[in-house]
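J.: Structure for the following, please:
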Amino acid sequence: MFVFSIRQPEPSLRLLDRFLVAAEVNELPSIICANKVDLLDADEDPARVFGLYEDIGYPVIYTSAVSGQGVANLRDRLHGKLSVLTGPSGRARPAC
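T.: A predicted model of the protein is given here:
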């Protein structure tokens, strides 16, 4: 599972692409977790950034550790499986 924030910090899709290639080469199934959806405005579509990965067949789970959105779905996907999670730390730099 590749965990990327949807905002703060902005996701590096190039890094995600590299992770996905490495998983494909090693024949590992991949799930993308787009976290921090609570930071989006009400009219913003969370699939705006990660929807292209859904379009090519990767499952994407949209979550918020703050609000709990999508956490049950995430838990269900991981339950009873050996999983590896990776991705940027998600620590945003303070605004100047």
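
J.: Could you pull out the buried residues of the lengthiest helix in the chain?
T.: With secondary structure taken from DSSP state H, the chain has its longest helix at helix 13-25. Neighbour-count burial for helix 13-25, with 16 or more other C-beta atoms under 10 Å as criterion, is recorded at 16, 19-20, 23. For the C-beta atoms, the positions are set from N, CA and C on the backbone; glycine is no exception.

J.: repeat for stretch 70-89
T.: 70, 74, 87.

J.: Contacts for that stretch next, please.
T.: 1-5, 9, 11-12, 15, 19, 31, 33, 37, 59, 61-65 (C-beta atoms under 8 Å, 6 or more residues apart in numbering).

J.: Narrow these to those in helices?
T.: Those of these lying in helices (DSSP H): 15, 19.

J.: Tell me which other helices or strands the host helix or strand of E54 touches.
T.: Per DSSP states H and E: E54 is located in helix 47-55. Taking 3 or more C-beta pairs under 8 Å, 6 or more residues apart in numbering; DSSP states H and E as contact, the helices and strands that helix 47-55 lies on are helix 13-25, strand 32-35, strand 60-62.
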